[in-house]
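In: could you look at this predicted model? Sequence included:
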Amino acid sequence: MGERVLLDAADVSRTIARVAHQVIEKTALDAPDAPRVVIIGIPTRGTTLADRLAVKIREFSGVDVPVGYLDITLYRDDLRAKPHRPLERTMVPAGGVDNAIVVLVDDVLYSGRTVRAALDALRDLGRPAAVQLAVLVDRGHRELPLRADYVGKNIPTSREETVSVHLTEHDGVDEVVLGSPEPAHKEAGPQDSAAKQADQ
């Protein structure tokens, strides 16, 4: 599979900063009567992005936003097909989620099934005032009627391609990589073989 870097470390940093500004603006987080906002990351890389997003929000607005993590393993719709999955960490943000604006954070938005599982899992944590979704990359091809409120980068893809988010904490580098399948090699027919022999 061929790979191409779509976002390098500087791009990833700028993208997270841009999403932080969007969250501050949309939630009026820095207003005197600001609502309570919490950030919840979806493992694995969504938790790291949630931590980074909270740091940027504090840097830009001076507001400390509580951060939590939400394991969705037992809520996935493919659990029966792949039952042996390690459980991830769930950490409820300080103060809980009741009556708060919850910003769910994930690395890539694709079919929407991960987000659906996260919404089901979140329901068992409490009753938020509203739920918003922030993703680093939206690659399209939704299977469920879901959309992100905050998108770092829209990347049109084919279903055969892959989008991988690498973060220093997990992978040693910050980057977003597009993987493309190798083109199928054409099998040589009798005429091709004869022509090749004539050229030799």
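Out: That came through fine.
In: helices and strands of the protein: which one has the lowest mean pLDDT?
Out: Among the helices and strands of the chain, helix 190-199 carries the lowest confidence by mean pLDDT, DSSP states H and E, at a mean of 42.
In: biggest helix in the protein by residues?
Out: helix 9-27 (DSSP state H).
In: what lies in contact with it?
Out: 7, 29-30, 34-35, 37, 49, 52-53, 56-57, 59-61, 63, 101, 103, 132, 134, 136, 149-153, 167-168, 173-176 (CB atoms under 8 Å, 6 or more residues apart in numbering). C-beta: built from backbone N, CA, C; applies to glycine.
In: so which of those residues belong to helices?
Out: Filtering the contacts of helix 9-27 for helices - DSSP H - leaves Leu49, Arg52, Leu53, Lys56, Ile57, Glu59, Phe60, Ser61, Thr168.
In: of those residues, just the buried ones, PyMOL syntax please.
Out: To isolate the buried members of those in PyMOL, using 16 or more other CB atoms under 10 Å:
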select buried, resi 49+52+53+56+57+61
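In: export the ones in helices among the contacts of helix 9-27 to TSV and tack on distance to Ser158?
Out: Shown next, in TSV, are the ones in helices among the contacts of helix 9-27 (distance: CB to CB, whole Å):
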residue	distance to Ser158
Leu49	25
Arg52	29
Leu53	29
Lys56	32
Ile57	34
Glu59	37
Phe60	36
Ser61	39
Thr168	28
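In: of the ones in helices among the contacts of helix 9-27, which is the nearest to Thr162?
Out: Nearest to Thr162, judged by CB to CB, of those is Leu49 at 18.4 Å.
In: tell me who's in contact with the closest one.
Out: Leu49 neighbours (CB under 8 Å, 6+ apart): Ile16, Gly41, Val105, Asp106, Asp107, Leu136, Leu167.
In: of the residues you listed, which belong to strands?
Out: Among those, the ones falling in strands (DSSP state E) are Gly41, Val105, Asp106, Asp107, Leu136.
In: wait, Tyr68 touches Val38, no?
Out: Not quite, residue 68 is Gly, not Tyr. Yes - look at Gly68 against Val38 with CB atoms under 8 Å: they come within range, at 6.4 Å.
In: hang on, the earlier thing: select from the contacts of Leu49 the one having the most neighbours.
Out: Val105 (31 neighbours; other CB atoms under 10 Å).
In: what's the closest non-adjacent residue to that residue?
Out: Nearest residue to Val105 in three dimensions, chain neighbours excluded: Ala50, at 4.2 Å (CB to CB, 6 or more residues apart in numbering).
In: swap in Ala28?
Out: Counting by CB to CB, 6+ apart, the residue nearest Ala28 is Ala34, at 5.6 Å.
In: how about the ones in strands among the contacts of Leu49, which pair is most distant?
Out: Farthest pair in the ones in strands among the contacts of Leu49, by CB to CB: Gly41 and Leu136, 11.3 Å.
In: joint contacts of those two?
Out: Leu49, Asp106.
In: if we can go back for a sec, next, format the ones in helices among the contacts of helix 9-27 as CSV and append distance to Asp124 and pLDDT.
Out: Shown next, in CSV, are these (distance: CB to CB, whole Å; pLDDT from 0 to 100):
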residue, distance to Asp124, pLDDT
Leu49, 22, 99
Arg52, 26, 99
Leu53, 23, 99
Lys56, 29, 99
Ile57, 26, 98
Glu59, 32, 98
Phe60, 32, 98
Ser61, 30, 97
Thr168, 32, 98
